[in-house]
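>>> Build the 3D model from these lines:
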Amino acid sequence: MIELERIEDQLRRSFDGDAFYGPPLWELIRDITAEKAAARPLAGAHSIWEIILHVAAWEGAVRSRIEGGRVELPEEGDWPAIADSSSAGWRKSLAALELGHKRLLQAVAELTDDRLDELLGTERDRPTGAGVSVYVTLHGIAQHNVYHSGQIALLRKP
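Coordinates of the predicted model:
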């Protein structure tokens, strides 16, 4: 297996695969209602819905970067606002997350291993994720999914 296949495997596992750490992101959210997704069981914490919009935004930003786009915050912002808090709005958010993840996987599948050391951005800027390699960026987005999966696992508890 080449390195990009391994990275793609990790991205799949973090989203909807047999993740080592426990339930992947999609398993944690696919049966959540809009009401539960919008709830704030912990004061000062983001809701599940806000986390999902955040994850989707960053997966889109990473896809854009590896396709040759600029290295900056996601177009919709770091923590996009919930536009429609209805059940239909939640289903739309889930569909956008799923489609965005598929698009990211497709972009990764089109890469070659020789791009893994390519720097995205000229200098390190932690808030935007600039100044690191394609390799670090791809591992970072998988780690990002795992991090937020843990938050969602806690937020969805009764």
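>>> need the helices for this structure, in chain order.
3-16, 25-29, 34-38, 48-66, 87-109, 134-155 (DSSP state H).
>>> Residue 121: which of these is closest?
Comparison of the helices of the chain against residue 121 by C-beta to C-beta identifies helix 48-66 as nearest, at 8.3 Å. Bear in mind the C-beta positions are built from the backbone N, C-alpha and C, glycine included.
>>> I'd like to know which elements that closest one is packed against.
In terms of contacts (3 or more C-beta pairs under 8 Å, 6 or more residues apart in numbering; DSSP states H and E), helix 48-66 is packed against helix 25-29, helix 34-38, helix 87-109, helix 134-155.
>>> any idea of the mean pLDDT in the last one?
Over the span of helix 134-155, the pLDDT mean works out to 97.
>>> Show me which residues of that helix are buried.
Using 16 or more other C-beta atoms under 10 Å as the test for burial, helix 134-155 gives 134-139, 141-142, 144-146, 148-149, 152-153, 155.
>>> cool, the second one as well?
Buried residues in helix 34-38, counting neighbours by 16+ other C-beta under 10 Å, are found at 34, 36-38.
>>> In a markdown table: these, plus distance to residue 97 and pLDDT.
Formatted as a markdown table, these follow (distance: C-beta to C-beta, whole Å; pLDDT from 0 to 100):
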| residue | distance to residue 97 | pLDDT |
| --- | --- | --- |
| 34 | 14 | 98 |
| 36 | 16 | 97 |
| 37 | 11 | 98 |
| 38 | 15 | 97 |
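>>> Closest to residue 118 out of those residues?
Using C-beta to C-beta, the buried residues of helix 34-38 come closest to residue 118 at residue 37, 36.5 Å.
>>> if I look at the closest one, how far off is residue 76?
17 Å (C-beta to C-beta, to the nearest Å).
>>> Off-centre distance for the worst-scoring helix or strand of the chain on mean pLDDT?
When each helix and strand of the chain is scored by mean pLDDT, DSSP states H and E, strand 119-125 comes last, with a mean of 90. Remark: strand 119-125 is offset 20 Å from the chain centroid, using C-alpha atoms, centre = their mean, to the nearest Å.
>>> tell me what that strand is packed against?
Using 3+ C-beta pairs under 8 Å, 6+ apart: strand 119-125 touches strand 130-133.
>>> Just the buried residues of the strand it packs on, please?
Buried residues in strand 130-133, defined by neighbour count with 16+ other C-beta under 10 Å: 130, 132.
>>> Also stretch 74-89?
Quick answer for stretch 74-89 (16+ other C-beta under 10 Å): 74, 80, 82, 89.
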